[in-house]
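# This is a predicted model, with the sequence first.
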Amino acid sequence: MLTKMAEENPVADTRRLAAKKQTLDDAYAAPANFLEIDVLNPETHLMGKKRYTDYEVRMRTNLPVFKMKESSVRRRYSDFEWLRDELERNSKVVVPPLPGKAWKRQLPFRGDDGIFEDEFIEERRQGLEAFINKIAGHPLAQNERCLHMFLQEPTLDKTYVPGQIRNT
């Protein structure tokens with residue numbers, strides 16, 4: 001009886017749809033939408049008796065929500081903290097954690113360079129790159145003014161008015 005019902009009332013054809021063959025032009029063409037962010041070129045600076053490391057944050061995109069299609073800015077770890085805090089306070093985006101502060105590496109009388117060791121700087125760079133790519137890849141975060149400022153403005157205006165970017 002079940003076989004007879006299946007023959008009389010075929011519910012769905014389970015054959016695969018014929019896939020379009022991908023050409024080399026398709027495979028190597030620019031993606032429809034892309035957002036690439038790299039954190040690179042760490043530099044350690046001496047300001048008085050204090051040292052700090054900043055990183056180049058380089059962005060390339062064709063997403064219409066960004067006014068600049070390419071940008072390069074320098075950011076310190078504290079700037080990444082500022083971005084995290086702004087997004088947590090003013091958006092509906094679930095913000096991933098930043099790489100840790102490394103308090104133990106900042107203690108005096110260490111036998112090494114602490115947070116200025118090349119190995120630590122590289123680990124932090126990788127963590128910051130993962131952090132910013134997770135945030136920037138979120139569709140809601142892409143409309144946040146603080147993210148645009150972080151990625152595209154040479155200096156952060158921490159007195160800015162939080163809000164969303166209007167796509168014109």
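Sure thing, it's come through.
# Now do the same contact list for Glu56.
Listed by CB atoms under 8 Å, 6 or more residues apart in numbering, the contact set of Glu56 reads 38-41, 72-74. C-beta here means a position set from N, CA and C on the backbone, and glycine is covered the same way.
# neighbour-wise, which of those residues leads?
Using other CB atoms under 10 Å as the neighbour criterion, Val39 leads the contacts of Glu56 with 21 neighbours.
# What strand or helix carries it?
Val39 belongs to strand 35-47 when assigned by DSSP states H and E.
# Quick check: buried residues in stretch 137-157?
Buried residues in stretch 137-157, counted by 16 or more other CB atoms under 10 Å: 138, 141-152, 156.
# what about the residue most central in space within the chain, which SS state?
The residue lying closest to the centre of the chain (CA atoms, centre = their mean) is Asn133, at 1.8 Å. Per DSSP: H, G, I helix; E, B strand; the rest coil, the local secondary structure of Asn133 is helix.
# rewinding a little: and the buried residues of stretch 137-157 as CSV, adding pLDDT and secondary structure?
What follows is the buried residues of stretch 137-157, written out as CSV (pLDDT from 0 to 100; DSSP: H, G, I helix; E, B strand; the rest coil):
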residue, pLDDT, secondary structure
His138, 91, coil
Ala141, 91, helix
Gln142, 92, helix
Asn143, 92, helix
Glu144, 92, strand
Arg145, 92, helix
Cys146, 94, helix
Leu147, 95, helix
His148, 94, helix
Met149, 95, helix
Phe150, 97, helix
Leu151, 96, helix
Gln152, 95, helix
Leu156, 91, coil
